[in-house]
Every structure is written in C-alpha cells, then in structure tokens.
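Colleague: Predicted structure and sequence below. I'll ask about it afterward.
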Amino acid sequence: PPRPPPPAMSLPAETFDLVWACESGEHMPDKRRFVSQMSRVLRPAGNLVIACWCQRDSSAPHSPPITAQEQKELDFLYHEWAHPFFVSKEAFGRMLSEMGKEEGGGGDEGAEPGTAGKGADGTFKNIQIQNWTRFTLPTWHHSILVGVWDPWIVLSKGPRIWYKTLREVVMIQRMHKAFAKGLMEYGMISAVKAEKEGK
C-alpha cells in the first residue's frame, strides 16, 4: 500500500539559517515534499545541505540506464531496509532548482507513484551537487569491523539478535557493493535560498 506522506513540520516558516538533512531523504516516500518542507522553514539567504544515499542518474546522456539486474538489486535494498525508493543526487538538484515555480512545474520524479509533487515557497541559487562515495565507502565495512572488535554486545543478546545481526552484515555488504560499482552514490547537495525580491 502507498506510504503516507511525511507530515508538515509544525515549525514556523523561515525559522532557520541552516537546514541540514543527513541520510534522511532516502527514507522519505515523497522526496519533493521533503525538500519543500526544508525550504519552507529556511530563511532567505539560508543554507540547505542534503547528504543522502542516491542511485545513479540514469537520465543523464553519459550514464547507462538502470538494467533489469540492477533494478533487482535496488528492490532488494528497498525491501530489506524498508526504503520507499532512491532518487539520484541530480534529481535532488532539480527539485531545488524547481522550488518556487508553479505547482507541479518540474514533474514528479521525487514523488512516490500516486502522489503529487508541489512547488515550495522560495527559490534556490548556488546549487552544488557532489558525489562523496569515495569518502564514505570505507564506512560500510568499518560498521562490520566494529562488531568484530567488540562482539559481546551481540553475543549476549541471544539467537534472535544473532540472526538479525547476520542479516545486517549481508545487507551492509550489499550496500557496499552497490556503492562500489556505481549503482549507488553518496550525494552531497547544497544550495542557498534566494532572498525575496526588494530585499
């Protein structure tokens, strides 16, 4: 069944000078609404930073399309860790560039099927998109090594946790492989919210 959209934040509009979203966008079923809400609470001239697990941008001319086998790999990652779906870092950049335009102006690539993407209050400038995979790739195996160095916390919990931990190790390895082969990318997206006209 379709997931409910993320609720609107109760915070007043234009509250923060900096909005920092670390590894949360991949869990949102409606990426466009996610970006819209961050835009709403950000003050003009404020900075927005998104660090997110992203899939390869298959729409770019230089990038091959997602193959059937790669889609199976993505579906496995979605299912095991309950992610709705991934988008590319470039898709997040496009969402930011479309903020403030007329409703729905950029299409719904960041919205879960059956939901509508909407424009937000405010536009963005100085949008920067970077791939930080090479900086973050070693952390996947490091997560496994932490458990090897100090296994007692797992061993003391009993068979149910042993099984769950083994599944996590498999999943971490699958994620590492997806990032290493370029199917997944660690997106680092930043932008500045434009000041209102007349200011």
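Modeller: Received, thanks.
Colleague: Every contact and neighbour count from this point should use C-alpha atoms.
Modeller: Fine.
Colleague: List the buried residues of the worst-scoring helix or strand of the chain on mean pLDDT.
Modeller: Scoring the helices and strands of the chain by mean pLDDT, DSSP states H and E places helix 152-155 at the bottom, with a mean of 73. Going by neighbour count (16 or more other CA atoms under 10 Å), the buried part of helix 152-155 is residue 154.
Colleague: try stretch 127-139
Modeller: Buried residues in stretch 127-139 (16+ other CA under 10 Å): 127, 129, 131, 133, 137.
Colleague: before we move on, what about stretch 55-73?
Modeller: 55-58, 66.
Colleague: and which of those is nearest to residue 163?
Modeller: residue 55 (28.3 Å; CA to CA).
Colleague: Using PDB, list the CA coordinates for the least confident helix or strand of the chain.
Modeller: Provided in PDB are the C-alpha atoms of helix 152-155 (Å, rounded to 0.1, in the frame of the first residue of the first chain):
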ATOM      1  CA  TRP A 152      30.000  -9.300  23.300                       C
ATOM      2  CA  ILE A 153      27.100  -6.800  22.900                       C
ATOM      3  CA  VAL A 154      25.700  -9.100  20.200                       C
ATOM      4  CA  LEU A 155      26.600 -12.400  21.700                       C
END
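Colleague: Buried residues in the following helix or strand past it, which are they?
Modeller: Counting by DSSP states H and E, the next helix or strand C-terminal to helix 152-155 is helix 159-180. Counting neighbours by 16+ other CA under 10 Å, one finds that the buried residues in helix 159-180 are 165, 169, 171-172, 174-176, 178-179.
Colleague: Run through the neighbouring helices and strands of the least confident helix or strand of the chain.
Modeller: helix 159-180 (3 or more CA pairs under 8 Å, 6 or more residues apart in numbering; DSSP states H and E).
Colleague: Next SSE downstream of the helix it packs on?
Modeller: Toward the C-terminus, helix 159-180 is succeeded by strand 184-193 as the next helix or strand (DSSP H and E).
Colleague: quick one: the closest residue to residue 65 other than its chain neighbours from residue 36, how far?
Modeller: Among residues not flanking residue 65 along the chain, residue 58 sits closest, at 4.6 Å (CA to CA, 6 or more residues apart in numbering). For residue 58, the distance to residue 36 equals 24 Å [CA to CA, to the nearest Å].
Colleague: ok, now residue 52?
Modeller: For residue 52 relative to residue 36 (CA to CA), the value is 16 Å.
Colleague: Now do the least confident helix or strand of the chain: everything it contacts.
Modeller: Identification of contacts with helix 152-155 by CA atoms under 8 Å, 6 or more residues apart in numbering yields 147, 161-162, 165.
Colleague: Can you lay out the residues you listed as TSV showing pLDDT and distance to residue 30?
Modeller: TSV is the format used below for the contacts of helix 152-155 (pLDDT from 0 to 100; distance: CA to CA, whole Å):
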residue	pLDDT	distance to residue 30
147	72	34
161	78	32
162	73	34
165	81	30
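Colleague: Taking the residues you listed together, which two end up most distant?
Modeller: Of all pairs in the contacts of helix 152-155, the most separated under CA to CA is 147 and 161 at 12.6 Å.
Colleague: Noted, bye for now.
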